[in-house]
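> Give the three-dimensional model of this entry:
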Amino acid sequence: MKNFMKEFKEFISKGNVLDMAIGVVIGGAFTAIVNSLVNDIIMPIVGAIIGGLDFSKIAISLGGDAAIMIGSFIQAIVNFLIVAFVLFSVVKAVNKLKALGEKEKAATPEAPAEPSDEVKLLKSIERELKKMNTPAASATKKKTTTRR
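Next up, the predicted model:
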(Lines give C-alpha, C1' and ligand atoms only; values in the text may rest on other atoms or scores of the structure.)
Protein backbone atom coordinates (compact mmCIF):
# COMPACT_ATOMS: atom_id res chain seq x y z
CA MET A 1 0.00 0.00 0.00
CA LYS A 2 2.89 2.33 0.82
CA ASN A 3 4.46 1.76 -2.61
CA PHE A 4 1.08 2.37 -4.28
CA MET A 5 0.71 5.71 -2.50
CA LYS A 6 4.26 6.69 -3.49
CA GLU A 7 3.56 5.89 -7.15
CA PHE A 8 0.27 7.77 -7.01
CA LYS A 9 2.00 10.81 -5.50
CA GLU A 10 4.62 10.75 -8.28
CA PHE A 11 1.92 10.41 -10.93
CA ILE A 12 -0.25 13.22 -9.59
CA SER A 13 2.68 15.60 -9.11
CA LYS A 14 3.89 15.27 -12.70
CA GLY A 15 3.53 18.49 -14.67
CA ASN A 16 1.37 16.99 -17.41
CA VAL A 17 -1.36 15.83 -15.03
CA LEU A 18 -1.50 19.20 -13.30
CA ASP A 19 -1.50 21.05 -16.62
CA MET A 20 -4.34 18.89 -17.87
CA ALA A 21 -6.39 19.45 -14.69
CA ILE A 22 -5.88 23.20 -14.95
CA GLY A 23 -6.90 23.05 -18.63
CA VAL A 24 -10.11 21.22 -17.78
CA VAL A 25 -11.06 23.74 -15.08
CA ILE A 26 -10.25 26.72 -17.30
CA GLY A 27 -12.10 25.03 -20.18
CA GLY A 28 -15.21 24.76 -18.02
CA ALA A 29 -15.02 28.43 -17.11
CA PHE A 30 -14.37 29.34 -20.74
CA THR A 31 -17.45 27.35 -21.79
CA ALA A 32 -19.61 29.44 -19.47
CA ILE A 33 -18.17 32.64 -20.99
CA VAL A 34 -18.78 31.43 -24.56
CA ASN A 35 -22.32 30.29 -23.74
CA SER A 36 -23.08 33.69 -22.25
CA LEU A 37 -21.56 35.46 -25.26
CA VAL A 38 -23.66 33.39 -27.65
CA ASN A 39 -26.92 33.33 -25.68
CA ASP A 40 -26.89 36.86 -24.29
CA ILE A 41 -25.15 38.87 -27.02
CA ILE A 42 -24.84 37.19 -30.41
CA MET A 43 -28.12 35.26 -30.66
CA PRO A 44 -30.34 38.26 -29.73
CA ILE A 45 -28.58 40.29 -32.45
CA VAL A 46 -29.06 37.49 -34.99
CA GLY A 47 -32.68 37.11 -33.83
CA ALA A 48 -33.28 40.85 -34.30
CA ILE A 49 -31.79 40.71 -37.80
CA ILE A 50 -34.15 37.92 -38.83
CA GLY A 51 -37.23 39.46 -37.23
CA GLY A 52 -37.05 38.88 -33.49
CA LEU A 53 -36.86 35.12 -33.79
CA ASP A 54 -35.53 33.24 -30.75
CA PHE A 55 -33.46 30.35 -32.07
CA SER A 56 -33.79 28.28 -28.92
CA LYS A 57 -37.56 28.04 -29.50
CA ILE A 58 -37.37 26.94 -33.16
CA ALA A 59 -38.63 23.38 -33.38
CA ILE A 60 -40.34 21.03 -35.76
CA SER A 61 -43.26 19.31 -34.09
CA LEU A 62 -43.57 15.61 -34.73
CA GLY A 63 -46.95 15.38 -33.05
CA GLY A 64 -47.73 15.24 -29.37
CA ASP A 65 -44.78 16.17 -27.16
CA ALA A 66 -42.12 15.07 -29.66
CA ALA A 67 -40.23 17.82 -31.49
CA ILE A 68 -36.95 18.33 -33.32
CA MET A 69 -35.18 21.26 -31.65
CA ILE A 70 -33.51 22.89 -34.65
CA GLY A 71 -32.91 26.11 -32.72
CA SER A 72 -30.78 24.37 -30.11
CA PHE A 73 -28.78 22.75 -32.89
CA ILE A 74 -28.22 26.11 -34.62
CA GLN A 75 -27.14 27.59 -31.30
CA ALA A 76 -24.69 24.72 -30.77
CA ILE A 77 -23.20 25.36 -34.22
CA VAL A 78 -22.81 29.07 -33.42
CA ASN A 79 -21.17 28.15 -30.07
CA PHE A 80 -18.75 25.85 -31.88
CA LEU A 81 -17.83 28.48 -34.47
CA ILE A 82 -17.18 31.07 -31.77
CA VAL A 83 -15.02 28.68 -29.73
CA ALA A 84 -13.12 27.65 -32.87
CA PHE A 85 -12.55 31.29 -33.84
CA VAL A 86 -11.34 32.25 -30.36
CA LEU A 87 -8.99 29.26 -30.16
CA PHE A 88 -7.70 30.03 -33.66
CA SER A 89 -7.01 33.62 -32.59
CA VAL A 90 -5.22 32.51 -29.41
CA VAL A 91 -3.05 29.96 -31.25
CA LYS A 92 -2.23 32.52 -33.94
CA ALA A 93 -1.21 35.09 -31.29
CA VAL A 94 0.93 32.54 -29.42
CA ASN A 95 2.64 31.47 -32.66
CA LYS A 96 3.34 35.11 -33.48
CA LEU A 97 4.88 35.66 -30.04
CA LYS A 98 7.00 32.52 -30.43
CA ALA A 99 8.20 33.69 -33.84
CA LEU A 100 9.11 37.08 -32.36
CA GLY A 101 11.04 35.40 -29.55
CA GLU A 102 12.89 33.15 -31.98
CA LYS A 103 13.67 36.14 -34.21
CA GLU A 104 15.16 38.04 -31.24
CA LYS A 105 17.08 34.96 -30.15
CA ALA A 106 18.52 34.53 -33.65
CA ALA A 107 19.47 38.21 -33.83
CA THR A 108 21.40 38.03 -30.57
CA PRO A 109 24.79 36.46 -31.21
CA GLU A 110 25.80 33.83 -28.72
CA ALA A 111 29.09 34.21 -26.93
CA PRO A 112 31.50 31.48 -27.94
CA ALA A 113 31.73 28.73 -25.40
CA GLU A 114 34.97 28.41 -23.47
CA PRO A 115 37.03 25.50 -24.79
CA SER A 116 37.16 22.36 -22.69
CA ASP A 117 40.24 21.31 -20.74
CA GLU A 118 41.08 18.74 -23.42
CA VAL A 119 41.01 21.39 -26.15
CA LYS A 120 43.20 23.70 -24.06
CA LEU A 121 45.69 20.88 -23.51
CA LEU A 122 45.75 20.02 -27.21
CA LYS A 123 46.33 23.66 -28.14
CA SER A 124 49.25 23.93 -25.71
CA ILE A 125 50.75 20.74 -27.18
CA GLU A 126 50.27 22.20 -30.65
CA ARG A 127 52.12 25.38 -29.63
CA GLU A 128 54.99 23.34 -28.22
CA LEU A 129 55.19 21.29 -31.39
CA LYS A 130 55.30 24.46 -33.49
CA LYS A 131 58.15 25.74 -31.34
CA MET A 132 60.00 22.51 -31.96
CA ASN A 133 59.57 22.86 -35.74
CA THR A 134 61.14 26.35 -35.89
CA PRO A 135 64.53 26.70 -37.71
CA ALA A 136 66.38 26.99 -34.39
CA ALA A 137 64.77 23.80 -33.17
CA SER A 138 65.61 22.05 -36.43
CA ALA A 139 69.30 23.07 -36.11
CA THR A 140 69.37 21.70 -32.58
CA LYS A 141 67.91 18.42 -33.80
CA LYS A 142 70.57 18.13 -36.51
CA LYS A 143 73.39 18.69 -34.03
CA THR A 144 72.02 16.05 -31.71
CA THR A 145 71.58 13.53 -34.52
CA THR A 146 75.11 14.05 -35.92
CA ARG A 147 76.79 13.35 -32.59
CA ARG A 148 75.70 9.78 -32.60
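> Okay, domains of the protein per the record?
2-110, 115-148 (automatic domain parsing).
> Identify the single longest helix in this protein, thanks.
The residue-count maximum for a helix in the chain (DSSP state H) belongs to helix 70-107.
> Now the following helix or strand past that helix: buried residues?
For helix 70-107, the succeeding helix or strand toward the C-terminus, using DSSP states H and E, is helix 117-132. The neighbour-count criterion (16 or more other CB atoms under 10 Å) identifies no buried residues in helix 117-132. For glycine as for every other residue, the C-beta is placed from the backbone atoms N, C-alpha and C.
> and Gly51, which of the three is it?
coil (DSSP: H, G, I helix; E, B strand; the rest coil).
> Report pLDDT for it.
Reading off the confidence values, Gly51 has pLDDT 79.
> Hmm, Ser72 and Met43 touching each other?
No. Taking CB atoms under 8 Å as the definition, Met43 is not a contact partner of Ser72, at 11.2 Å.
> shared neighbours, those two?
55-56 (CB atoms under 8 Å, 6 or more residues apart in numbering).
> Where does pLDDT dip in the protein?
Across the chain, the ranges flagged by pLDDT under 70 are 15, 53-54, 110, 134-148.
> try it again with 90
1-23, 26-59, 63-65, 71-91, 94, 100-124, 126-148 (pLDDT under 90).
> what comes up buried for the strand or helix carrying Ala29?
Assigned by DSSP H and E, Ala29 belongs to helix 15-36. Neighbour counts over helix 15-36 (16+ other CB under 10 Å) mark Val34 as buried.
> where's Met132 relative to Ile125, distance?
To Ile125, Met132 is 11 Å away according to CB to CB, to the nearest Å.
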